[in-house]
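Asker: Okay, here's the prediction I keep looking at, along with the sequence it came from:
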Amino acid sequence: QVQLVESGGGLVQAGGSLRLTCAASGGTFSSYAMGWFRQGPGTEREFVAATSGRTTYYADSVKGRFTISRDNAKNTVYLQMNSLKPEDTAVYYCARKFTTGSYYYTSTYDYWGQGTQVTVSS
C-alpha cells in the first residue's frame with residue numbers, strides 16, 4: 001500500500017518561503033512521476049508542479065517562484081516555495097502519477113497525501 005505524507009506547511013508572511021516535503025512509502029518510488037497540487041477555499045484542486053525525474057513542469061502562476069525536486073534514495077519529493085503571495089494560500093497535496101497523459105490533471109494521479117496547510121498573510 002502506497003502512503004504519501006506531506007509536511008512543512010504553516011503560516012508565513014507575503015514574500016517569505018516554505019519548503020514542503022512529501023515522504024512516500026510502499027511501491028517503487030523512483031518509477032513514478034510525482035506532483036504537487038493545491039486547493040484553496042471554495043476552489044477546485046489545481047496543478048502546481050510535477051517531476052518525472054528528468055523533467056519538471058510548473059503552473060504559470062508559480063513558475064520562477066516554486067521549485068520541485070526529488071530524492072529517490074529517500075523516497076521524498078520537495079516543493080520549495082519562494083516569494084509567497086496571499087493567493088498561494090491553500091492546502092497542498094502531493095500525488096503519484098500512475099499513467100501516461102497530462103501532468104496537469106488530477107485524473108492521472110492515483111495516490112494522494114492528506115495535505116498540508118499553507119497560509120500566506122499580507
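Answerer: Great, that's in hand.

Asker: mind checking the SS state of the residue most central in space within the chain?
Answerer: Centroid-nearest residue in the chain, with CA atoms, centre = their mean: Trp36, separated by 2.1 Å. With DSSP: H, G, I helix; E, B strand; the rest coil as the basis, the three-state label of Trp36 is strand.

Asker: Tell me if I'm right that it and Ala49 touch.
Answerer: Yes - between Trp36 and Ala49 there is a contact at 4.9 Å, judged by CB atoms under 8 Å. (Glycine included, C-beta is placed from N, CA and C.)

Asker: Mutual contacts of these two, please.
Answerer: Ile68, Leu79 (CB atoms under 8 Å, 6 or more residues apart in numbering).

Asker: quick one: stretch 103-114 to chain centroid distance?
Answerer: The chain centre lies 10 Å from the centre of stretch 103-114; the measure is CA atoms, centre = their mean, to the nearest Å.

Asker: Alpha carbons of it, as PDB, please.
Answerer: C-alpha atoms of stretch 103-114 as PDB (Å, rounded to 0.1, in the frame of the first residue of the first chain):
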ATOM      1  CA  TYR A 103       0.800  16.100 -15.800                       C
ATOM      2  CA  TYR A 104      -1.800  18.800 -15.100                       C
ATOM      3  CA  TYR A 105      -4.900  16.700 -14.500                       C
ATOM      4  CA  THR A 106      -5.800  15.100 -11.200                       C
ATOM      5  CA  SER A 107      -7.100  12.000 -13.100                       C
ATOM      6  CA  THR A 108      -3.600  10.900 -14.000                       C
ATOM      7  CA  TYR A 109      -2.600  10.500 -10.300                       C
ATOM      8  CA  ASP A 110      -3.700   7.600  -8.100                       C
ATOM      9  CA  TYR A 111      -2.300   8.100  -4.600                       C
ATOM     10  CA  TRP A 112      -2.700  11.300  -2.600                       C
ATOM     11  CA  GLY A 113      -1.400  12.600   0.700                       C
ATOM     12  CA  GLN A 114      -3.600  14.100   3.300                       C
END
